[in-house]
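Let's see this in three dimensions:
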Amino acid sequence: MIQPADRLNLVQEYYFSKKLKEVAQMNAEGKDIISLAIGSPDMPPSPETINKLCEVAKRSDTHGYQLTMGIPELRDAMAGFYKRWYGVDVDGKSEVLPLIGSKEGILHITLAFVNPGEEVLVPNPGYPTYTSLSKILGAKIVNYNLREDNGWQPDFDELEKMDLSKVKLMWTNYPNMPTGGRAQRATYERLVKFAKDHNIVVVNDNPYSLILSEEHLSIMQVPGAKDCCIELNSMSKSHNMPGWRVGMCVANAEFIKWILKVQSNIESGTFRGIQLAAAEAYNNTDDWHREYNINTYARRRQWAEKIMDLLGCTYDKTQVGMFLWGKIPADIENVEDLTEKILHEARVFITPGFIFGSNGQRYIRISLCAKEEKIQQALERIEKLNIEH
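Just a heads-up that it's a prediction; the model follows:
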């Protein structure tokens, strides 16, 4: 009998992969599910971005293999993005590497820095891919706690008490997903010091810094961060381009060389039209970003807050990003009982927090990636439920 590799026993199919199949079946049965679960922007990229893609795609000389490390126009545009929004100088030739989305970057960075059996620090709660890809690659997961009473920031006193001798990478994510915890300059400064003190590479995943936030922070703003840190960024959220799969990592030139060595053995670069269109998107006006990254999500957030209030959830109104994270009432025993009831009786799909780790077990997450009228309709459906709290 042919058997799969043992590593498949270490992970399960991604929660959303499984759940979306169930939702698709419910929709096929005519149940019309409103999804408030996935962070996939439902709005288009700027017209200039789309026009550039079409323009390049029509040319006969743009369809061949591209440089794995990305074309100069895109690397320079990514460096310009860091200068424009964060005030950080990045060398487009050597300190930035385009990625087919940040998820790919998580894979390549882990392969470049972590040997099987070595340890990685993963936040709890946190993006599940930090855990699953580390397991697949043979790394040992060491969770560190994020808690509401600490603003979902790392507890450095707790971290310093851990045995860190085998830790190679630390995953961080600010502004935080799923909690909406804000990026803080003090946290970034502590992370850089922590990385240097313990010879650990800190990787900050930073795709949400433009969403519902007027303050644009990057760990690369901290002096010395490039020596010991990597930052991932993405066009999926900030430029309404999730399906385009354009991300980047920023680091010192040596780190970039190591990651590129892995990347060049796995993939062969992105279509030139996508790269040039992405470079064009980095020229989006401030007004474009304000309307799509701030105003639209702010209007939707008001309806999501009404759902949280209706369910008796508590939440931090200062959180940022494209989700709303709330704590369920004490008299609801199990978060999945609540989300399954809402899915099957109100036909609204929201995310149970347990999928992000044990510290998310008492929370739910509502995505703002749906039109206002859809979120309002979801509220009306949930109002008809008999949810005691």
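
Three-state assignment for the closest residue to Pro98 other than its chain neighbours, please.
Spatially, and ignoring its direct neighbours in sequence, Pro98 is nearest to Gly70 (3.5 Å; CB to CB, 6 or more residues apart in numbering). Every C-beta, even on glycine, is put in place using the N, C-alpha and C of the backbone. The three-state assignment at Gly70 reads coil, by DSSP: H, G, I helix; E, B strand; the rest coil.

do the same with Asp89
Taking three-state DSSP, the label given to Asp89 is coil.

and it, how far is that from His344?
52 Å (CB to CB, to the nearest Å).

Asn284 too?
40 Å.

Which one of those two is surrounded by more residues?
Neighbours were counted for Asn284 and for His344 using other CB atoms under 10 Å; Asn284 has more, 18 against 13.

Apart from its neighbours in sequence, what residue is nearest the residue nearest the centre of the chain?
Geometric centre of the chain, nearest residue: Pro207, 5.7 Å, by CA atoms, centre = their mean. Distance criterion CB to CB, 6+ apart; nearest residue to Pro207, sequence neighbours excluded, is Ser234 at 4.0 Å.

okay but the one you found is in contact with Leu210, surely?
No. The pair Ser234 / Leu210 is not scored as a contact, 10.6 Å apart, by CB atoms under 8 Å.

hey, what's in contact with both of those two?
When CB atoms under 8 Å, 6 or more residues apart in numbering defines a contact, no residue borders Ser234 and Leu210 alike.

and Glu29, how far is that from His216?
Distance from Glu29 to His216, by CB to CB: 44 Å.

Out of the helices and strands in the protein, which is least certain?
helix 15-28 (a mean of 87; mean pLDDT, DSSP states H and E).

The helix or strand just after that helix pairs with which strands, parallel or anti?
Counting by DSSP states H and E, the next helix or strand C-terminal to helix 15-28 is strand 34-35. Applying DSSP bridges to the sheet, strand 34-35 is found paired with strand 348-349 (parallel).

Would you mind identifying the next helix or strand past the strand it pairs with?
According to DSSP H and E, the helix or strand after strand 348-349 is strand 351-352.

Could you list every helix and strand in contact with that following strand?
helix 335-341, strand 363-367 (3 or more CB pairs under 8 Å, 6 or more residues apart in numbering; DSSP states H and E).

who wins for proximity to Lys93 among these?
Checking the helices and strands packed on strand 351-352 against Lys93 by CB to CB gives strand 363-367 as the closest, at 37.3 Å.

Check the average confidence over the closest one, would you?
Averaging pLDDT along strand 363-367 gives 97.

Check what contacts that strand and list those residues.
So strand 363-367 is in contact with 35-39, 125, 178-179, 304, 307-308, 311, 313, 322-328, 335, 338-339, 350-353, 356, going by CB under 8 Å, 6+ apart.

Got a PyMOL select line for the buried ones in those residues?
Filtering these down to the buried ones (16 or more other CB atoms under 10 Å) takes a single PyMOL command:
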select buried, resi 35+36+37+38+39+125+178+179+304+307+308+311+313+322+323+324+325+326+327+328+335+338+339+350+351+352+353+356
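
Any idea what the residue nearest to Pro207 is bridged to?
Gly247.

State the distance from it to Arg245.
9 Å.

Give the intersection of the neighbour lists for these two.
Gly101.

Tell me the secondary structure at the closest residue in space to Thr172 that isn't next to it in sequence.
Sequence neighbours aside, Asn204 is the residue nearest to Thr172 in space, at 4.8 Å (criterion: CB to CB, 6+ apart). For Asn204, the secondary structure call by three-state DSSP comes out as strand.

give the contact list for Asn204.
Contacts of Asn204 by CB under 8 Å, 6+ apart are 172-174, 188, 191, 218-219, 229-232.

Provide the backbone phi and psi angles at Leu232.
phi -100, psi 140 (degrees, to the nearest 10).

How much space separates Thr314 from Leu276?
With distances taken as CB to CB, Thr314 is found 46 Å from Leu276.

okay, and for this protein, where does confidence drop off?
387-389 (pLDDT under 70).

My read is that Glu189 contacts Val222, right?
Yes. Glu189 lies in contact with Val222 (CB under 8 Å); the separation is 5.4 Å.

So if I had to pick from these two, which one is more boxed in?
Higher neighbour count among Glu189 and Val222: Val222, with 19 against 16, using other CB under 10 Å.

Verify the stated contact: the more buried one with Val192.
Yes. At 4.7 Å, Val222 counts as touching Val192 under the criterion of CB under 8 Å.

Need the overlap of contacts for the two.
Cys229.

Backbone dihedrals for Val250, please?
phi -120, psi 130.
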